[in-house]
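Engineer: below are the sequence and a predicted model; questions follow.
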Amino acid sequence: METEKEEKTTANWLKEAQKGYIRMGILILLNKKPSHGYEIMKEINIRTKGFWQPTAGGVYPILRDLENSGYIEGEWQIQKNRRLKVYKITESGELILRRAIVKQAEISNNIGNLFREFARDVLNIETSTSMPNMPFLFTPFLEENPDSEENLKYLEHERKHAYESVKMMQEKLKQIDKRIREIKKKTHADSSPAPS
């Protein structure tokens, strides 16, 4: 019974976090090209390989909020004999997006450090080799435009993370080498004949 409650709570937490991520995902997609709501939902689903399956009930309130905040602008257009509202990002939206991407990279790095710390201290898992790096959640949205400023920030974050990982591995190698020397020294001392 307790497990069911924990699973429900976890699902609710993830759903709440996902709303914020979809907001940023929408801005990233609109930064690439103007789109209407259905295109945005479809693109998010495709880019996340079905992990995020946004619905109209989830996306359109976010689009309204982004438009009311001045981060996007909507314009009614006729496409294939249908009247659709096509959204595009504003200068203000581009600015908030850049800031949000940098902050998200920092959050992702900090959460990754917390997970590794938990794995090491609580689960006794050696994180430098056993635990994969935390993925940056917006990689699928950023991949199409490799020269964008957002992708540059992401790559700089990944480089910093790689340097930190290398540093951790070098420190681990030093610890292993020290332990090997200690064992060899002790084994050698134990196998030496006792003085007469």
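Structural biologist: Arrived safely. Numbers count the residues shown, from 1 in each chain.
Engineer: domain parsing for this structure?
Structural biologist: Per automatic domain parsing, the domain ranges recorded for the chain read 1-89, 90-191.
Engineer: worst average pLDDT in those?
Structural biologist: Of all these, the minimum mean pLDDT falls on domain 90-191 (a mean of 72).
Engineer: end to end on that one, go ahead and measure it.
Structural biologist: 76 Å (Cα to Cα, to the nearest Å).
Engineer: sorry, back to before: pipe the domains of the chain into JSON lines and attach mean neighbour count per row.
Structural biologist: C-beta: built from backbone N, CA, C; applies to glycine. Written out in JSON lines, the entries for those read as follows (neighbours: other Cβ atoms under 10 Å):
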{"stretch": "domain 1-89", "mean neighbour count": "14"}
{"stretch": "domain 90-191", "mean neighbour count": "14"}
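Engineer: need the longest helix for the protein.
Structural biologist: helix 149-191 (DSSP state H).
Engineer: so which elements touch it?
Structural biologist: Applying 3 or more Cβ pairs under 8 Å, 6 or more residues apart in numbering; DSSP states H and E, we find helix 149-191 packed against helix 91-121, helix 127-130, helix 139-142.
Engineer: does residue 104 touch residue 24 like I think?
Structural biologist: Yes - the pair residue 104 / residue 24 is scored as a contact, 6.8 Å apart, by Cβ atoms under 8 Å.
Engineer: tell me the pLDDT at residue 194?
Structural biologist: So residue 194 comes in at 62 (pLDDT).
Engineer: ok, residue 38 - contacts?
Structural biologist: By Cβ atoms under 8 Å, 6 or more residues apart in numbering, the residues touching residue 38 are 56, 84.
Engineer: quick one: which helix or strand includes it?
Structural biologist: For residue 38, the element it lies in under DSSP states H and E is helix 37-47.
Engineer: now that helix: how far from the chain's centre is it?
Structural biologist: The chain centre lies 19 Å from the centre of helix 37-47; the measure is Cα atoms, centre = their mean, to the nearest Å.
Engineer: then stretch 91-108?
Structural biologist: On Cα atoms, centre = their mean, the centre of stretch 91-108 falls 13 Å from the chain's centre.
Engineer: repeat for stretch 72-80
Structural biologist: For stretch 72-80, the distance to the chain centre is 31 Å (Cα atoms, centre = their mean).
Engineer: residues in contact with it?
Structural biologist: With Cβ under 8 Å, 6+ apart, stretch 72-80 has contacts from 26-27, 30, 36, 63, 66-67, 83-90, 93.
Engineer: can I get the helices and strands packed on helix 149-191 in CSV including distance to residue 164?
Structural biologist: Below are the helices and strands packed on helix 149-191 laid out as CSV (distance: least, Cβ to Cβ, whole Å):
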stretch, distance to residue 164
helix 91-121, 9
helix 127-130, 10
helix 139-142, 18
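Engineer: in a helix, residue 52, correct?
Structural biologist: No - per DSSP: H, G, I helix; E, B strand; the rest coil, residue 52 lies outside any helix segment and is coil.
Engineer: how much space separates residue 177 from residue 54?
Structural biologist: Residue 177 sits 51 Å away from residue 54, going by Cβ to Cβ, to the nearest Å.
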